[in-house]
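1. Predicted coordinates and the sequence they were generated for:
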Amino acid sequence: MSFDVLKDYFKEIRKIPVLSYDEEIDLTVKAQKGNEQARIKLIRSNLRLVVKIARKYERLGMSLSDLIEEGNIGLMKALNRFNVKLGYRFSTYASWWIRQHIIRALANQSRVVRIPVYMTELLHKMRKAQERLLQKYGRKPTDEELAGFLKVKVSKIAQLKKSQYNASSLDRKIGEDSDIEFIDLLQDDEIEAVDELVNLFEKEEVEALLVTMDERSRSIIELRFGLKSGLPKTLAEVARSFKITRERVRQIEKEALQQMRSIITSGQPLMKVDHQAVKSDVQAIEVKSTKTKKTKSTAKRKKPVKKKSSGKNKKSVKSKLKRRKSSLKKAKSKRRK
């Protein structure tokens, strides 16, 4: 697709009005029942979304027109799999599938070479050796010096350096202003598995599966697949949130998904999360705590008040004392006589 054709395409899709939430649901239901007009209208209204996502992956080995084409395939797949009962916007759900089709195409195009685990360990050792020898000699070490330090053949060092180049290409940033690395864009084997879980079960049942996990695993799954916000996070973004490595996030995610699968395959009944009951319980607790606070504050206010004696009472007491004293004096004087 030439630049002029793309320009005309962009101009045309800008004219397509944005759908409301109710319109999206209505068209989705009709399209999934076989209404071709509804299907076309829903797809056309989301073509701008495809372009917006495709632009983020420019200059990674594929032309913008090819990226848009892959994104459009993802959009159509999203329509076939979307479940209106989930409560999400179709555009939010579709963005996930658009992104995945673009990423898959980029990964296939770039022919990424996977590095074996033992080679990764050797690479790590070689990098440490390079740092130590650099400090020792004050210059970059030769292959022979590295081989001697690691006790391997010189040919192995050359092989490691070649692998290092391939590995570093995976760590390159997508753009100058982006924190996303190319490795985060590779196809994740677990993505479709979670999407199937979400489609097979109601939203409440997915939440019931998440309740069986520990807090960190649950939070990671929610962030990775956008189960709450509708906006999935990359491994790097989740890793930064939890202050752990991307590999650790991947491990926790994998374990959590295996746990979800095992519950489903075992046929265990899922206890749905009754949000209304939870809400009423929370409200009851809040009311109770408010009443307790009021009772305590009232009790603090009602302190015992000392009765103040009036001025007349004080005077009468004084006069009685004077009379008693005078009578005692008279009695004493009579005894003396």
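-> Sure, I can see it.

2. how far away is Thr28 from Met213?
-> Using Cβ to Cβ, to the nearest Å, we find Thr28 at a distance of 30 Å from Met213. Every C-beta, even on glycine, is put in place using the N, C-alpha and C of the backbone.

3. So the two - more neighbours on which side?
-> Thr28 (20 against 17; other Cβ atoms under 10 Å).

4. Go ahead and confirm the more buried one touches Val84.
-> Yes. Counting by Cβ atoms under 8 Å, Val84 is a contact partner of Thr28 at 5.5 Å.

5. Touching both of the two, which residues are there?
-> Common contact partners of Thr28 and Val84 (Cβ atoms under 8 Å, 6 or more residues apart in numbering): none.

6. I'd like the secondary structure assignment at Tyr57, please.
-> coil (DSSP: H, G, I helix; E, B strand; the rest coil).

7. count of residues packed around it?
-> 23.

8. For Ser63, see how far away it is.
-> Applying Cβ to Cβ to Tyr57 and Ser63 gives a distance of 11 Å.

9. List the contacts of Val51.
-> Phe10, Ile13, Ile68, Gly71.

10. Point out where the stretch 101-250 of the chain drops to low pLDDT.
-> 107-121, 163-207, 229-231 (pLDDT under 70).

11. quick one, helices of it?
-> 117-137, 143-150, 154-170, 191-200, 203-211, 215-224, 235-242, 246-266 (DSSP state H, counting those that start in this stretch).

12. Trp97: which of those is closest?
-> Relative to Trp97, the nearest member of the helices of the stretch 101-250 of the chain by Cβ to Cβ is helix 191-200, separated by 8.1 Å.

13. residues touching Ser217, list them.
-> Ser217 sits in contact with Ile252, Glu255, Ala256, Gln259, where contact means Cβ under 8 Å, 6+ apart.

14. Who wins on neighbours among these?
-> Result: Ala256 is most packed of the contacts of Ser217 (other Cβ under 10 Å), 23 neighbours.

15. Check the gap between the residue nearest to it when sequence neighbours are not counted and Leu42 for me.
-> Nearest residue to Ala256 in three dimensions, chain neighbours excluded: Ser217, at 4.3 Å (Cβ to Cβ, 6 or more residues apart in numbering). As judged by Cβ to Cβ, Ser217 and Leu42 stand 35 Å apart.

16. what does Thr245 give?
-> Taking Cβ to Cβ, one finds Thr245 at 40 Å from Leu42.

17. neighbour-wise, which of these two wins?
-> Leu42 (26 against 12).

18. so that one sits in a helix?
-> Yes. Assessed with three-state DSSP, Leu42 lies in a helix.
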